[in-house]
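Colleague: Quick one: sequence plus predicted model below, questions after.
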Amino acid sequence: MVISIGRRLTLISIGALLLFFFAIYAPGQTFLAHPVPANEPSTHSPAIVIGFVGGFIAHDNPVHSEVQLAARLRKEYPTGVVVETFESYRGERAHQKILKLLDTDRNGTLTAIEKRNARIIIYGHSWGGSESIDLARALQKEGVPVLLTVQVDSVSKYDRNDRLIPANVAQAVNFYQPDGIVHGVHDIRAADPARTKIIGNFRFDYAKSSLNCAGYPWYDRFLVKAHTQIECDPVVWARVESLIREKLPQTSPGGESQ
C-alpha cells in the first residue's frame, strides 16, 4: 500500500511538471514572469525636434524658414515625432515641453531609462541659434542627451556662449555668413571632442546674392541684408533639413513613422 501511494504521488508530480512545461513552450504562447498591465505607459518617448526663430519673431510666423521647416516635418511625421517652434526668448518653455514628453510614466521625474531613450534635435537662427545651445546646456545639467544641434548665423545673447557645444550633444553643425552689422559665430567647438562631433562650420557669402527674401520686413532686407538672406536661403535650409531627417525614423508610404 505504501509503495502504491508513493508511485501515485510520483506520477502526479511528473504530470504536473509536464503541464507546466507545456504551458511555457506551447506553440504561439509566451510566458511572462511579470505580466505588464494593459495600461502601463510606453517607455519610448517620441523623437523631439525643437526650432527657435530669431529676434522677436513670432514662433508661428510662416514667412520664416524655421517655421516652414517645422511645418514640413509635421506633415511627413504625423506620429512618432513631435515638432515645435519657439521664440528665441522661450527657451525655458521649450525645456519644460521636452521634460514633459520624456516623462513617459508621468510621475514628474525622469528615470535613467527615460533620459537614455531621449531623441532630441534642436535648431535655430540668429538669437534662436544661441538659444539652441542654451537649451542643450540646460538638458546637460539633467543628464539628457541631444542628438544634434544646428545653428544658422547664430548670434550670442547677452553674456551667453554659443560657441562651446556641451558634451551631451552628439553632433553639432554651424552655418554662418561674415558680413554686415549682424553676423553669426564662425567657429563652434566641442567642450569634449571625444563625445561631440562637430560636423562643420560652413560659410556662406551673400555679397553678390540675388535673394530677395520676399515677405520679410524691409528693414531686415536692407539693414541686416546678409543675416536675413542666410535665413531665407533654400540651399542652407535644405542642408539643415537633410541633417535633421537623418536623425528621424523612416516613414512608410502612408506617412507613418517606423
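Modeller: Yep, it's here. Numbers count the residues shown, from 1 in each chain.
Colleague: Please name the nearest non-neighbouring residue to I165.
Modeller: In space, I165 comes closest to A172 once its chain neighbours are excluded; the distance is 4.4 Å by CB to CB, 6 or more residues apart in numbering. Every residue, glycine included, has its C-beta placed from N, CA and C.
Colleague: Just to check, that neighbour is in contact with L164?
Modeller: No: at 10.1 Å, A172 does not count as touching L164 under the criterion of CB atoms under 8 Å.
Colleague: So if I had to pick from the two, which one is more boxed in?
Modeller: When A172 is set against L164 and neighbours are counted by other CB atoms under 10 Å, the residue ahead is A172, at 25 against 13.
Colleague: tell me, what's touching A172 and L164 both at once?
Modeller: Between them, A172 and L164 have I188, A190 as joint contacts when contacts are counted by CB atoms under 8 Å, 6 or more residues apart in numbering.
Colleague: doesn't I50 make contact with I120?
Modeller: Yes: contact criterion CB under 8 Å: I120 and I50 qualify, at 7.2 Å.
Colleague: list residues touching both of those two?
Modeller: Taking CB under 8 Å, 6+ apart as the contact criterion, the common neighbours of I120 and I50 are I98.
Colleague: which parts of stretch 188-201 are buried?
Modeller: By 16 or more other CB atoms under 10 Å, the buried positions in stretch 188-201 come out as I188, A190, T196, I198, N201.
Colleague: Surely the fourth one is within a strand?
Modeller: Yes: checked against DSSP: H, G, I helix; E, B strand; the rest coil, I198 lies within a strand.
Colleague: Now do the strands in the stretch 51-200 of the chain.
Modeller: Under the criterion DSSP state E, counting those that start in this stretch, the stretch 51-200 of the chain contains strands at 81-86, 120-125, 146-152, 164-165, 169-176, 189-190, 197-203.
Colleague: Neighbouring strands - and their directions - for the first one?
Modeller: To tie it back to what came earlier, the one meant is strand 81-86. Strand pairing for strand 81-86, using DSSP bridges, gives strand 47-52 (parallel).
Colleague: For V155, list the residues it contacts.
Modeller: Shown in contact with V155 (CB under 8 Å, 6+ apart): G54, S126, W127, G129, S130, D162, V182, H183, G184, V185.
Colleague: Can you give me the domain boundaries for this protein?
Modeller: Segmentation of the chain into domains, based on automatic domain parsing, reads 1-33, 47-246.
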